[in-house]
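A.B. asks: Fold the following, please.
(one chain, ligands or ions: 2)
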Amino acid sequence: MKDKKTHVRYCWIDVNNVCNLSCPYCYTAAHKVNSNEPFIKQGLSFAHIKRLLSECQKINVESVIISGGEPSLRQDLMDILDYSANEAKLKTILVTNGTILNKDMISKFYSWNIELQVSVDAINPDIYLKCRGAPVLKKVLQNIDLLLEYEVAFALAATITTINEDHIEDIVKFALRKGIQSLHLAEVKPLNKPSRELFVPYIYPVLKKVYELQKYYYPYIGIDIIEHFVYPIILDFKRKAFCNAMEGNALEIKDNGDIHLCVGIGSPLGNTKWTRLESITDLCNSYSYKYSIDDVDKCCNCKYKYICGGGCRYTAYFFSHGDTNARHPSCVSYKNFIEDIKQDAKAGKLDSYTDYIKKIHISEIEYRKYL
Ligand code: SF4
Ligand code: SF4
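C.D. replies: Ligands and ions are numbered 1, 2, ... in the order given. Predicted coordinates:
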């Protein structure tokens, strides 16, 4: 255990806490605003964000993820991205709902090598409306076409809830049709009452359906929720924890400067107004020991622990009313799913998938893991 050394590889910066959509599960508690407002002044100042980006550069953060709220509601978003990618020379990823992009922004994303994660929780307009609270799917799809036209690297993202659980395959098929190579799927984080009610109690059928597509279309798409379980089996490595944050490899900086490993668990590690990022890397290290899969009480004797990683610790904490060592509510689904993959691997059904994945550089595999 003591040989474990973490390094903050991913830094999320929430540049605001306002949004033009109102997803019922939103865990950022973003305030709804009208995107036509000429200037929304909110969050850390540009000067403060520039300083943070320079600190990220100093501690060798590999990727900075500019998030919110909806970051594109900031009038100075392009200045932030310009500084991050071109001055601080950081690999920069913008997380957006894709509603407020335009050609000028998109052509700059391409020339500055900005990558995007665009949320689309459904391809069907009615389901999309229920998931995102506004009838803007058409606009998002137009912007996705523009991103493709300008050859900007991006991933689609969807949060799995009881609203869209039967429609996740449609998103995979849409991505395949469009040639989008990366899909980020995540179970909803129960950070508030509505999101708790939207949590899918038995996720196995969704995992199974998406897996059938992933294992067939592996040269064309990477779906992280599936790769999370498949890679430790076919590449024979041990997962140390469920997510980058629990490994001590990721930080999230809130719009008020609070620094978290996980926004749901524990108090902030500091605040960027008085804490320098270089001073908390050791702290991240000590926190990550706490959530290593070997130290999670309910998981440490599980035979699947190094494949599963124990699931999102915040979700386990929430559903157990305050125990970060509790069993994750999707535990049974995870176990069933892991057994399916193992059987496929044993039967040789994943051999060509394995050969293909082994040829991809490890950094590309890590990159696909945004959790
Ligand atoms: S399968 Fe269940 S018990 Fe095993 S590591 Fe995952 S959440 Fe924990
Ligand atoms: S424990 Fe869950 S909510 Fe917290 S950072 Fe990890 S995946 Fe996110």
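
A.B. asks: Please count neighbours and contacts with C-alpha atoms only from this point.
C.D. replies: Fine.

A.B. asks: How about the contacts made by residue 170?
C.D. replies: Contacts for residue 170 (C-alpha atoms under 8 Å, 6 or more residues apart in numbering) come out as 122, 123.

A.B. asks: Which helix or which strand is home to it?
C.D. replies: helix 168-178 (DSSP states H and E).

A.B. asks: just residue 339 next, same as before
C.D. replies: With DSSP H and E as criterion, residue 339 is part of helix 331-346.

A.B. asks: if we can go back for a sec, export the helix holding residue 170 to PDB, keeping only CA atoms.
C.D. replies: Below are the C-alpha coordinates for helix 168-178, written out as PDB (Å, rounded to 0.1, in the frame of the first residue of the first chain):
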ATOM      1  CA  ILE A 168     -29.300   4.300 -24.400                       C
ATOM      2  CA  GLU A 169     -28.700   1.900 -27.300                       C
ATOM      3  CA  ASP A 170     -30.100   4.600 -29.600                       C
ATOM      4  CA  ILE A 171     -27.300   7.000 -28.500                       C
ATOM      5  CA  VAL A 172     -24.700   4.300 -29.300                       C
ATOM      6  CA  LYS A 173     -26.200   3.700 -32.700                       C
ATOM      7  CA  PHE A 174     -26.400   7.400 -33.400                       C
ATOM      8  CA  ALA A 175     -22.700   7.800 -32.500                       C
ATOM      9  CA  LEU A 176     -21.800   4.900 -34.700                       C
ATOM     10  CA  ARG A 177     -23.800   6.400 -37.600                       C
ATOM     11  CA  LYS A 178     -22.100   9.700 -37.200                       C
END
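
A.B. asks: Mind checking what helix or strand follows that helix in sequence?
C.D. replies: Taking DSSP H and E, what comes next after helix 168-178 is strand 182-187.

A.B. asks: average model confidence for that following strand?
C.D. replies: Averaging pLDDT along strand 182-187 gives 95.

A.B. asks: quick check: angle from it to helix 168-178?
C.D. replies: 170 degrees (axes from the mean of the first three to the mean of the last three C-alpha atoms, to 10 degrees).

A.B. asks: who's in contact with strand 182-187?
C.D. replies: Defining contact as C-alpha under 8 Å, 6+ apart, one finds that strand 182-187 is touched by 154-161, 172, 175, 199-200, 221-225, 368, 370.

A.B. asks: cutoff 6 Å now
C.D. replies: By C-alpha atoms under 6 Å, 6 or more residues apart in numbering, the surrounding residues in contact with strand 182-187 are 155, 156, 157, 158, 159, 160, 221, 222, 223, 224, 225.

A.B. asks: Please apply the same query to stretch 205-223.
C.D. replies: Contacts of stretch 205-223 (C-alpha under 6 Å, 6+ apart): 181, 182, 183, 184.

A.B. asks: ok, and the closest non-adjacent residue to whatever residue of the stretch 151-300 of the chain ends up closest to ligand 2?
C.D. replies: Ligand 2 sits closest to residue 262 of the stretch 151-300 of the chain, with a gap of 4.1 Å, by C-alpha to the nearest ligand atom. Nearest-residue entry for residue 262: residue 245, 6.2 Å, with adjacent residues in sequence omitted and distances by C-alpha to C-alpha, 6 or more residues apart in numbering.
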